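Student: I would like to see how this sequence folds:
(4 chains)
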Amino acid sequence: MNCEEINLWLDTLLAEIEEIEVTRKSERRVRVDVPASSLPALLELLKGKASYVHLSAISCVDWPDDEEFELVYHCWSYEAKSLLSAHTRIPRNSAQEFAHYVSVYDIYKPAAFFERDIYEMYGIYFESSPYMEKFILTEWNGPPPMRKDFDAEQYVNDTFNWADYHPQWLQELEEDGGGIAVRPEDIRL
Amino acid sequence: MRPENYQLVALPNSDEYELFIGPNHPGIEGNYAFKLKLDGDRVISGKADAGYLHRGFEKLMEGRLWIQNLAIVPRICVPDPVPMEVVYSLTVEDIEKMEVPLRGQWIRVMQLELSRIASHLFTFGGHAATTGMYTPSYWGVADRDLALDLFEELTGGRVYHIYNIPGGVRRDIPNGFLDRLSDYLDYLETRQNDYDNLLFTNQVFVKRARNVGVINQEQALEWGVTGPNLRATGLAFDVRRDDPYLIYNELDFEIPTQTAGDCLARILVRRDELFQSVRILRQIIKHLPSVKGPVRAPIPNPLAWNVSMGESYCRVESSKGELAYYTVSDGGPKPYRVHVRGASSMHAVQVLENMAVGQRIEDIAQIMFSLDACPPEVDR
Amino acid sequence: MSKIGNIPVNAQAGKKRTNPLAGVFDELVQFCQSRSMFMLHYCTGCGAIELPPAMTSRFDMERLGIQPMVTPRQADILLVTGYVSVKTLKRVILTYEQMQSPKYVIGICSCTVNGGMYWQSYATAKVLNEYLPVDVYIAGCMPRPEAVIEGMRRLMRNIEEGKGHAWKDYFQRYDYYLGNQQHLFGDDWQTPTDIIGEARHYGLETEQTYGEHTRILEQHQQPLEPHKMRIKF
Amino acid sequence: MSVLDDLLLFTALASVAIIVVRRFASVSKLSVIVYALATVLLVKMSALGYGGEPIYSSFTLNVLGQNLYWRFDSLSWFFALITVVIALFTSVFMSGAWAEKYCQEHSTEAYGLLQAALVLNVLSMLVLLASGDLLSLFIGWELVSWASFMMMFLNQDKVARKAAIKYIVYAMAAAMSILMAIAMTYSMTGSLDYVQIMQAVAHLSNTQIALLVTLYGVGFGIKMGVIPFHLWQAAAYAETPGPGAVFMGAISARMGLYALIVIVVQIFSLTRVAAIEIPYTFLNMQNILAWVGALTTIIPTYIALKQNDARYLLAWHGVGQGGYMLLGVMIADSIGTAGGIMHVFNYATYQAALFMAVTAVMFRTGTSNFSKLGGLVTQMPLTFMVMVVSIIGLAGIPPMNGFVSKWLVYRALLLDGEPLLFVAAVIGTLGTILSVYKLVHNTFLGQLRLEHQDVKEAPLSMLLPMLGLVLIIFGTGVMPGVVLDWVAAAQNAVGIAPITHNLGGIELAQGGLDMIWVTGVMFYGFAVGAIVFYFLGGKSKHIHQFDNYAGGHFLTSKVRYHYSNHFYAGLMHLIGGWYKDFFKKLEQALVSLVSFLSQLSENFYRSAQPAVLVAAVAFIALWFIMSSFSMPADTGTVAPITQGIQGGLPK
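Tutor: Take a look at the predicted model:
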């Protein structure tokens, strides 16, 4: 099978499955929207049957207005030369403290890194993922920092001081209306 | 964190002991830590410890304008910053459905390849230094500095350039730049023989690097290894050719591979890649004068630029491997979400941990450098 | 009290020496110190990438007597090369406290001055001066190798002229530094090095060495008595 | 009654006394007194140490028309002094706290037996050293063997017993070899007396001398543990109970060297040995012996590197250091021999001190396994100091005494034009330095363990002999002339030009050695350092063990950082394959061969099929007959069968 055949076959295969919405964005980019429950099955199918052996990344997007996290699994096929992004949404605030989802480590080994990263940054717990402990933020005690409701600037202004640098020449400049007119923390766009 | 108060506790009754490589250690690449559990000089297990370089880039980018972010993305990977700018620009262009003028694309590829040369030269030096050979590191840094001079002339910055913006590059190349670039390439080619004698065919180095840190193709695919490390196992995959971006499909270049998958194979792949980059740059020098036109597409007022809604996943081949950004825009002045898939995020953590097992203590640094791990890409 | 930058420094610390030869001896020592500087370059951030060019053949820092050193015990200068994330800052402080006096800190890159372009990052410390006494800042993002060397030469001049006293400030105003550290790391922050004991050892303790923060430290700190050589039958 | 009579009789009586009172606690004090008095008796003979005439025992025996007699010359006195002094230190060492603990753990009986074994060892060694002819030498030799065996067999551990059995097998082989050599010497020269043999040697052929030297060399070499007979010694000595190991490790194996000096150097003389060319090589017999010494220096030392138990490491070292002595003695000039003989003294002092230090560590911690030790320097600083001084001696670094003897050996090799042997000796020293570093690092430096937190310094009764030995090590290092006097006398006694020396060292035309100067310069350097760091600077500060730099990591006491297992794994990775188990396999092959042959003969006799036996006998007989019958066939005539049978069968 060459690339086009695989792609054609995949398109027809995915079109048959219900609940899945396939959008071919370009020659090498496919977007698939899939419900959270059937994502592992889809990935299994992609890896096992459609040569999508490389998990390029798992991205997480926080949608607080929808009360949802969006997880995007980017898979690449070395044979079809096509990148498939599987989008799924999971509820943001489940009963537990952390949102929960299942790990795809047993399908894609690289998932372990991304899942740990998402666990740290967004607080989504991936069941049966091998390394569900802190990695980058081992010494961070605050909330998962990448969530939209964590205001980093507020935290920074509360936690850190700024060096007060006002030498004579700068004061003179400022009197003339120049210099650092706006302090960094005052810039809000 | 509170360190222990050092009240002695009973130690487990085994001969294993622990060794910390890093975060500040001559045998580690950057500010990164690797905890080893050893018996004698054999590694029983290794545990990567990252986060020393964490700045929360993804959070920072959500708080800044689209155009402001260009200034911080190159900081994610210091030795090879250009792909970061380019791939960020690519995602924005993809969301905005912008067409980059042809001349802008050519100039971007020129930077990308020059940056690859600089990065590989740096890596050779680091890798050789882990085996106790310091001359290659002196040479590599010196020859890389010449590339940095070219960058300085082109962009104004030695290390961080901020030359690419969504829609193209900031300005056209200076007069006579291509000649000086050509001179540099000539110089590099005259150095090829010296480098071979000094490092790549030097038996001292070859004996040290051969059959160390072997990873076969199957494992590499399973663990998501990309870039030169994957090519060193025999799979000729390169994003530049297989998922082409910019004008790479118009260029004539080869994808060097090795089959052994050990430290030596990895450095040899990089060596061949360096001279493939020279070959690409030669084509650019030949073609660029004939590509006329603007170097960037017009963009709206960058300080009040609301990029239209959408999302894009773009990837490029950086010197470390596959580098990808996932950018989401909600139509606002700032990105809604940018996810950086660092090129070394796989081989600097999981692959390294797996490869360290059973190796000898003196090879750990070499393995890490041969994988060309870039810790800031992991930490972001 | 004079001032180096914002750091109040007690330049007259230590005993006044009356011996007429002492001045000559001190100058000789200062000259020698300024000409053999071993730097521990902690690659905290991006700035580290400009150190290899500065150290190798093109810019060649070694001709000035500046050499890299691998452990803090033998090093004179701590180079903090770039932004310091909170996790790294703990290690930087640990490293600094393990260095032997006289010791100097050079902050490279804008990030060490005032947070630099990561000013709104939740993970990086902003003003290095709050946590460690910094002798020389080299601003820029990133400073070129020439700038690094110029900063080094500034430090060498300071040492030669007997102005490099920032390290004494850490002992003299330990409570201030410890307070900032505790503010960032939490009250149970503690390094293995006994700074107060060292301040007493060097004769550098002042009333500002102690304070509320050192009391917090003492509350939870169990005494870190080194194993003493003892002959007990 | 001569002084020698007094000494031998006194020691014999003391042995009996110690054996009698072995169940009582007073045995330890008695033995100290015994060795002290024996030392006094030796001091009374000290004229021997300065070139006095040999002292003869008035007790003689007449066997086979040969006069068996005992005498002490300068060489014997030198060895006897070492033996008795080491025994004195050992007995002090084992008298106090060690005795109590040993009695608690085992029994008073076992302790008494250890004392008895020690005194019997001393007695038998004195008898051996006093021997005046080959037969008395052999008697002494056997006594030493069995006394050593008794000492080794005291440890009821399985490994120790096995090592002891292995030793006695080796010792029996050595005895057979020596007995055979003695018998051949007697048949060739018609005498057993040293002086008469010496005169007769001139008439012997080179082949005869070569044969005799080989047999004696094998016999005495086994006791010394030279290559390839080095396998038995380390385990046997290491497993001997603490003070036993001190004594055995320090001096026991040197009896082989003594006998070798007497036979090969004194009687056959090295010039004669050197005249024996080995066919098809550039070497002569003396070179062979020197190379055996050099290899003995290297191989066991590098085996010592691999040991993970302090006692084994030291015991393997003992084997290696024997190589230096043999090498020095075999150079055959006055410098080399002096180095070799002096090394016996130096080695005995620091090896005893090292074994004592290790025993003290074992006494306090209960283990000598490197993986379970570490960081004891703060707990046992004096023992640490003893070990450091001793390993400085062992590694041959000034100002300790080991430096002087090794310097002499090196110097002789250089002056003699033996670059290869010199390199070999240097390689051996390199291994020594590496492995003593391992010893001191893994025991005293590094991470202190919880169970050793309350370990105390070794008790005074154990510490005093250690410190005494340290004083000797340092004193004879600064003033090697004291020992060199005795060495020169011993050289004189065996017929080698004595070394020219003074109190500080050696005088040579091509640049001598003055240890007083060397030490003075060293201490001058130390003094400058001390002034700068302690008096002028005064800024040193003690810090906690975990206030240590680990790449910027915070250390905790929960994790083990102490690298002790496979300490030289990198080195072993490089060179380990070269000599791994070669001799062990050789030994095993020999054992298999012997057991195969014995099995064969056993089966032959005990075979359940007499018919097969008869058939086999008949076959052999027939074959024998046929072979003798076919002999005349060469002449071309066919002899009648009957004639052949008549000719072949005994009448």
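
Student: got the contact list for residue D:340?
Tutor: With contact taken as CB atoms under 8 Å, 6 or more residues apart in numbering or on different chains, residue D:340 is in contact with D:257, D:324-331, D:405, D:409. For glycine as for every other residue, the C-beta is placed from the backbone atoms N, C-alpha and C.

Student: now flag whichever of the residues you listed is closest to residue A:44.
Tutor: The shortest approach to residue A:44 among the contacts of residue D:340 belongs to residue D:324, at 71.1 Å (CB to CB).

Student: for the stretch 251-400 of chain D, what spans make up the helices?
Tutor: When secondary structure is read from DSSP state H, counting those that start in this stretch, the stretch 251-400 of chain D shows helices at D:254-260, D:270-274, D:285-306, D:310-331, D:334-365, D:381-395.

Student: same check on chain B?
Tutor: Applying DSSP state H to chain B gives helices spanning B:57-62, B:69-72, B:82-96, B:102-130, B:135-155, B:177-195, B:203-209, B:217-222, B:228-231, B:239-242, B:263-287, B:350-356, B:364-370, B:375-379.

Student: do the same with chain C
Tutor: C:20-35, C:51-55, C:86-98, C:110-114, C:145-160, C:166-172, C:174-185, C:195-202, C:212-220.

Student: same question for the stretch 51-200 of chain D.
Tutor: D:74-93, D:97-105, D:108-130, D:134-153, D:158-189, D:194-201.

Student: distance between the first one and the chain's centre?
Tutor: Here helix D:74-93 shows a centroid-to-chain-centroid distance of 14 Å under the convention CA atoms, centre = their mean, to the nearest Å.

Student: got the angle for that helix vs helix D:334-365?
Tutor: 10 degrees (axes from the mean of the first three to the mean of the last three CA atoms, to 10 degrees).

Student: indicate whether helix D:74-93 makes contact with chain C.
Tutor: No. Applying CB under 8 Å from any CB of the partner chain, one finds helix D:74-93 separated from chain C by no less than 15.0 Å.

Student: so after the strand or helix carrying residue D:234, what's the next helix or strand?
Tutor: According to DSSP states H and E, residue D:234 maps onto helix D:233-238. Toward the C-terminus, helix D:233-238 is succeeded by helix D:242-247 as the next helix or strand (DSSP H and E).

Student: against residue A:23, how distant is the residue nearest to residue D:295 when sequence neighbours are not counted?
Tutor: Spatial nearest neighbour of residue D:295, excluding adjacent residues (CB to CB, 6 or more residues apart in numbering or on different chains): residue D:227 at 4.5 Å. Noted for residue D:227: a distance of 81 Å to residue A:23, by CB to CB, to the nearest Å.

Student: who has more neighbours, these two?
Tutor: Ranked by neighbour count (other CB atoms under 10 Å in any protein chain shown), residue D:227 and residue A:23 place residue D:227 first, with 21 against 11.

Student: quick one: the more buried one is in a helix?
Tutor: No. Applying DSSP: H, G, I helix; E, B strand; the rest coil, one finds residue D:227 to be coil, outside a helix.

Student: quick one: low-confidence ranges for the stretch 101-250 of chain D?
Tutor: In the prediction, the stretch 101-250 of chain D carries no residues with pLDDT under 70.

Student: rewinding a little: nearest to residue B:218, of the helices of the stretch 51-200 of chain D?
Tutor: Taking CB to CB, helix D:158-189 is the member of these nearest to residue B:218, at 47.3 Å.

Student: can you give me the angle the closest one makes with helix D:134-153?
Tutor: Angle of helix D:158-189 versus helix D:134-153, following the same axes, to 10 degrees, is 180 degrees.

Student: the residue in the stretch 401-550 of chain D that chain A sits nearest to pairs with what?
Tutor: Among the residues of the stretch 401-550 of chain D, residue D:550 lies closest to chain A, at 16.6 Å counting by CB to the nearest CB. Beta-bridge partners recorded for residue D:550 (DSSP bridges): residue D:553.

Student: check what pLDDT it gets.
Tutor: Note on residue D:550: pLDDT of 82.

Student: again, but for the one 4 residues further on
Tutor: Residue D:554 is assigned a pLDDT of 82 by the prediction.

Student: how many neighbours does it have?
Tutor: Neighbours around residue D:554, by other CB under 10 Å: 17.

Student: residue D:164 versus residue D:458, what's the distance?
Tutor: Using CB to CB, residue D:458 is found at 27 Å from residue D:164.

Student: could you do residue B:133 as well?
Tutor: From residue B:133 to residue D:164 the distance is 53 Å (CB to CB).

Student: who's more crowded, the two?
Tutor: residue D:164 (24 against 18).

Student: ok, the nearest residue to the more buried one once chain neighbours are set aside - contacts?
Tutor: Of all residues beyond its chain neighbours, the one nearest residue D:164 is residue D:152 (3.8 Å), with distances taken as CB to CB, 6+ apart. Listed by CB under 8 Å, 6+ apart, the contact partners of residue D:152 are D:160, D:163-164, D:167, D:236-237, D:239-240, D:244, D:248.

Student: what does residue D:394 give?
Tutor: D:317, D:321, D:350-351, D:354, D:402, D:432, D:436.

Student: at 7 Å what do you get?
Tutor: Applying CB atoms under 7 Å, 6 or more residues apart in numbering or on different chains to residue D:394 gives the contacts D:317, D:350, D:354, D:402, D:432, D:436.

Student: count the residues that sit near residue 167.
Tutor: With no chain named, the answer covers chain A. Per other CB under 10 Å, the neighbour tally for residue A:167 reads 8.

Student: ah, I was thinking of chain D
Tutor: Neighbour count for residue D:167, taken as other CB under 10 Å: 22.

Student: any idea what sits nearest it, other than its immediate chain neighbours?
Tutor: In this structure, residue D:167 finds its nearest non-sequential neighbour in residue D:236, 4.3 Å apart by CB to CB, 6+ apart.

Student: same question, residue B:24
Tutor: Of all residues not flanking residue B:24 in the chain, residue D:552 sits nearest, at 4.2 Å (CB to CB, 6+ apart).

Student: report the separation between the residue nearest to residue D:167 and chain A.
Tutor: The spacing between residue D:236 and chain A, counted by CB to the nearest CB, to the nearest Å, is 52 Å.

Student: residue D:341 too?
Tutor: Noted for residue D:341: a distance of 65 Å to chain A, by CB to the nearest CB.

Student: these two touch, right, the residue of the stretch 401-550 of chain D closest to chain A and residue B:22?
Tutor: No. The criterion here is CB atoms under 7 Å, and residue D:550 misses it with residue B:22 at 9.5 Å.
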